[in-house]
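> prediction below, plus the sequence it came from.
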Amino acid sequence: MNPRGQSGDRIAVGFGSLAYVGFFPMAPATLASAIATGVFAAVMPLSGPVSAALVGALFLAGVWSCERIERLYGRDPSAAVMDEVCGMAITLAWVPIT
């Protein structure tokens, strides 16, 4: 599946699918959540305001990218895994990693 349209669509698909993990044939959302958990375990021990800013920026970029993916691939495509990534970010942002 190649994204059609503008170069911004390619960026949106790349971001919204977590670097094309969303196109993995089996359980792409589960795989994206697992990858996000590992990444957030490394970066989320930052201070509260920094974590909040990262989660907010990720959420806004996720809304933008997934909206564009829906325009390209139809309603709620499995490639759009940024909602799972944002869910993991919100869940892990203020949980102490021990």
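In hand now; what should we look at? Numbers count the residues shown, from 1 in each chain.
> ok, and the closest non-adjacent residue to the residue sitting nearest the centre point of the chain?
With distances taken as C-alpha atoms, centre = their mean, the residue of the chain nearest its centroid is Met82 (2.5 Å). Closest residue in space to Met82, ignoring its immediate chain neighbours: Gly62 at 3.8 Å, by C-beta to C-beta, 6 or more residues apart in numbering. (C-beta placed from N, C-alpha, C; glycine too.)
> quick one: the one you found from Met26, how far?
As for Gly62, its distance to Met26 is 22 Å (criterion: C-beta to C-beta, to the nearest Å).
> also Cys86?
Applying C-beta to C-beta, the value for Cys86 to Met26 is 22 Å.
> show me which of those two is the more surrounded one.
The neighbour count for Cys86 versus Met26, taken as other C-beta atoms under 10 Å, is higher for Cys86 (19 against 6).
> first-to-last residue distance for stretch 37-53?
This stretch, stretch 37-53, spans 18 Å end to end (C-alpha to C-alpha, to the nearest Å).
> any idea how far it is from the chain center?
How far stretch 37-53 lies from its chain's middle: 15 Å, per C-alpha atoms, centre = their mean, to the nearest Å.
> and stretch 80-98, by the same measure?
Relative to its parent chain, stretch 80-98 has a centroid offset of 10 Å by C-alpha atoms, centre = their mean.
> show me what counts as buried in the lengthiest helix in the chain.
As assigned by DSSP state H, the longest helix anywhere in the chain is helix 48-73. For helix 48-73, a neighbour-count test (16 or more other C-beta atoms under 10 Å) marks 51, 54-55, 58-59, 62, 64-66, 68-69, 72-73 as buried.
> that helix: what's the following helix or strand?
Following helix 48-73 in sequence order, the next helix or strand is helix 82-92 (DSSP states H and E).
> tell me what that next one is packed against?
helix 28-43, helix 48-73 (3 or more C-beta pairs under 8 Å, 6 or more residues apart in numbering; DSSP states H and E).
> now the shortest one: average pLDDT?
Per-residue pLDDT over helix 28-43 has a mean of 88.
> how about residues contacting it?
Under the contact criterion C-beta atoms under 8 Å, 6 or more residues apart in numbering, helix 28-43 has outside partners 17-18, 21-22, 24, 54, 78-79, 81-82, 84-85, 87-89, 92-93, 97.
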